[in-house]
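>>> Structure for this input, please:
(chains A and B)
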Amino acid sequence: MTLMIFTGLLCGAALGFVLQRGRFCLTGGFRDMYLAKDNRMFYALLLAIAIQSVGVFSLIHFGFVQYDAGTFSWVAIVIGAFIFGVGIVLAGGCATGTWYRAAEGLIGSWIALIFYMITSAMMKSGVLLPINQKISSIEVHNNSISTSLGLNVWVLIAILVVIVALIMIKESRKSKIVIPSLKPKKTGISHLLFEKRWHPYFTASLIGIIAIIAWPLSEATGRNFGLGITTPSANIVQYLVIADKSFLNWGVFLVLGIFIGSFIAAKGSNEFRLRVPDVKTIVSSLFGGIFMGIGASLAGGCTIGNGLVSTAMMTWQGWISLAFMILGVWTASYFVYVRPRVKKQAVAKQAVSPASSH
Amino acid sequence: MTKVLETMGQVCPFPLIEAKNAMEEIKSGEDLIINFDCTQATESIPRWAAEEGHKVTNYEQLSEASWTITVQKK
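Below you'll find the predicted structure:
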C-alpha cells in the first residue's frame, strides 16, 4: 500500500508537472488540426506513442511487463470516442487537461472534473452499467493489430518509428520564426523549470518516458496497465461513496499525483489563481464533463488510456478510438467556434448593406 | 489609436479567437492590447502574432495568472 501510494503519486506528479509546464493540451491540438491547420500537437502525440511503444514492448520482450490486448468492443469504442471528443471541446480540455487545469485554479475545470468522475462511476458500477455492458458486448475477439494482420508487433512499431522520424526531420527543416516571450525574471534551474517555454517535442518525449516507467511501477502493485485516467477517476468516486478499499489502486494515486504535480508547477510559475467562469462556461463545462465520463467509459479510455497508451500497445482500440476522438473534436469545434463566427459575419454583412438589397 | 481587449475569465481558445476578430477592426500600425488569464494563451497568442508577422511591443505578466500583450498590426 505504501509503495502504491508513493510510486503512484510520484509518477502522477511528474506527469502533472510536465503537462502543465509543457502546455500539453491534446484537445487544443486536435482542434487546431482543423481550425488552424496546425498538426504540431498531433505529431507530438505520435512521438510520445512511438517512444512508449519501443520502451514497453522491450519490457514485455524481456519479461518485465505482461500485457494482454483483450477483445475489441468496436461499437462502444467508436460511439464512446466520438462522444468523448465532443465532451473535451465543451469542457475545454481532455481528461488529463481537465485535471491539470483544475490544479491551475480554473473552477470551470473543477465542474467538468466532478461530472466526469461521477458519470464514469455511473457507467462502471452505477445506474448506467447495463447500457455500458450492452453496447460493449458487441465485440470482435481480436484487439491486437499484429495478431489480426499476422505480423510481428515489432514490424508495426518499426513502421511507426520510421513515420515519426520522417515527420521530425521534416519539422526540423521548417524555417523557424522567433516567438516573442516574456522577459525572464528567474535564473538557472528555476528558470528552466518554472519559466522557460518547453518545446512540444521535448514535452512529448518526457511524456513518452513517464508512460514507459508507469508500466513496471503499476504492475508492481498488481495493476497490469500503464497510464490511465478514466477508471482511476471513477474509482475515487466509488471509494468515496461505498468505502470499498478494493477501488484504491495505483491509478487512483496517479491521478491525485497529476493534480499535485500540476499545482506545484502552476504555483511555482505564478500561474495559479482561482478563476470563476461565466455562466456560459459553467454550463458548457458541466455538459463537457458528462459527455467525457460517458464517452471515455464506453470507449474504455480517454486521450491518455486509449490515445496514448492503447495506441502504443498496437491495438485496434487505441488507433480507432483516436481517430473517432479527433472526429468528435472537429465536429464540436465546428459548432462551438466556426459556426457562430460565420453567423456573426452574415449578420454584420446584412447590417452594413440594407440599402443595396432593396 | 489603441484598442484594448479584455479577455480575463475566458478560457482558451477564446482569447485568441477574440484577438483575431479585434485585429480585423484596427488599421495597420495601430496597437491591440490583449489582457488574458488563460495559461495556454501565453503560448498561443505570441505564436499567432509572430506567424502573422505582427510586432509584439509589450508582453508582461501582470500578477498571478494574468498577462498583457500589445500587438502592433503589420
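>>> which residues of chain B score low on pLDDT?
Within chain B, not a single segment meets pLDDT under 70.
>>> where exactly do the strands run in it?
Shown for chain B, the strands assigned by DSSP state E span residues B:2-6, B:31-36, B:55-63, B:66-72.
>>> of all the ones you listed, which lies closest to A:Leu248?
Closest to A:Leu248 of these, according to CB to CB: strand B:66-72, at 38.0 Å. Where C-beta positions appear, they are placed from N, C-alpha and C, glycine not excepted.
>>> and that closest one with chain A, contact?
Yes. Between strand B:66-72 and chain A, judged by CB under 8 Å from any CB of the partner chain, the touching residues are B:Ser66, B:Trp67.
>>> buried set for that strand?
Judged by neighbour count (16 or more other CB atoms under 10 Å in any protein chain shown), strand B:66-72 contains these buried residues: B:Ser66, B:Trp67, B:Ile69, B:Thr70, B:Val71, B:Gln72.
>>> Output stretch A:100-114 as PDB, nothing but the C-alphas.
Extracted in PDB, the C-alpha atoms of stretch A:100-114 (Å, rounded to 0.1, in the frame of the first residue of the first chain):
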ATOM      1  CA  TYR A 100      -4.200  19.900 -14.600                       C
ATOM      2  CA  ARG A 101      -6.400  22.900 -15.300                       C
ATOM      3  CA  ALA A 102      -8.300  22.200 -12.100                       C
ATOM      4  CA  ALA A 103      -4.900  22.500 -10.400                       C
ATOM      5  CA  GLU A 104      -4.300  25.900 -12.100                       C
ATOM      6  CA  GLY A 105      -7.400  27.100 -10.200                       C
ATOM      7  CA  LEU A 106     -10.000  27.100 -13.000                       C
ATOM      8  CA  ILE A 107     -13.300  26.500 -11.300                       C
ATOM      9  CA  GLY A 108     -14.800  25.600 -14.700                       C
ATOM     10  CA  SER A 109     -12.400  22.600 -14.900                       C
ATOM     11  CA  TRP A 110     -13.500  21.600 -11.300                       C
ATOM     12  CA  ILE A 111     -17.100  21.400 -12.600                       C
ATOM     13  CA  ALA A 112     -16.100  19.400 -15.600                       C
ATOM     14  CA  LEU A 113     -13.900  17.100 -13.500                       C
ATOM     15  CA  ILE A 114     -16.600  16.400 -10.900                       C
END
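>>> Adding distance to A:Met314, write the strands of chain B out as JSON lines.
As requested, the strands of chain B are exported to JSON lines (distance: least, CB to CB, whole Å):
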{"stretch": "strand B:2-6", "distance to A:Met314": "46"}
{"stretch": "strand B:31-36", "distance to A:Met314": "41"}
{"stretch": "strand B:55-63", "distance to A:Met314": "43"}
{"stretch": "strand B:66-72", "distance to A:Met314": "42"}
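>>> so which of these comes closest to A:Ile169?
strand B:55-63 (30.2 Å).
>>> Now do the buried residues in the closest one.
B:Val56, B:Tyr59, B:Gln61.
>>> Pairing partners for that strand, with directions?
strand B:66-72 (antiparallel) (DSSP bridges).
>>> Name the residues that touch the strand it pairs with?
A:182, A:273, B:8, B:19, B:23, B:29-37, B:41-42, B:45-46, B:49, B:54-62 (CB atoms under 8 Å, 6 or more residues apart in numbering or on different chains).
>>> The same query, at a cut-off of 7 Å, please.
Residues outside strand B:66-72 that contact it (CB atoms under 7 Å, 6 or more residues apart in numbering or on different chains): B:8, B:29, B:31-37, B:42, B:45-46, B:49, B:54-62.
>>> Please compute how far it lies from its chain's middle.
5 Å (CA atoms, centre = their mean, to the nearest Å).
>>> What residue, apart from its backbone neighbours, is nearest B:Ser44 spatially?
B:Leu16 (5.1 Å; CB to CB, 6 or more residues apart in numbering or on different chains).
>>> What is the neighbour count of residue 54?
With no chain named, the answer covers chain A. Neighbourhood size, A:Val54 [other CB atoms under 10 Å in any protein chain shown]: 18.
>>> Hmm, no, I was thinking of chain B.
Count around B:His54 with other CB under 10 Å applied: 19.
>>> wait, doesn't it sit right on B:Lys73?
Yes. Between B:His54 and B:Lys73 there is a contact at 5.8 Å, judged by CB atoms under 7 Å.
>>> circling back: ok, which of the strands of chain B comes nearest A:Lys124?
Using CB to CB, the strands of chain B put strand B:31-36 closest to A:Lys124, at 37.5 Å.
>>> Could you spell out the sheet neighbours of the closest one, each with its direction?
strand B:2-6 (parallel), strand B:66-72 (antiparallel).
>>> quick one, phi/psi of A:Ile177?
phi -100, psi 150 (degrees, to the nearest 10).
>>> That one: neighbour count?
9.
>>> what's near enough to touch it?
A:Ile177 neighbours (CB under 7 Å, 6+ apart): B:Ala50, B:Glu51.
>>> any idea how far B:Ala49 is from it?
10 Å (CB to CB, to the nearest Å).
>>> Right, I'll leave it there.
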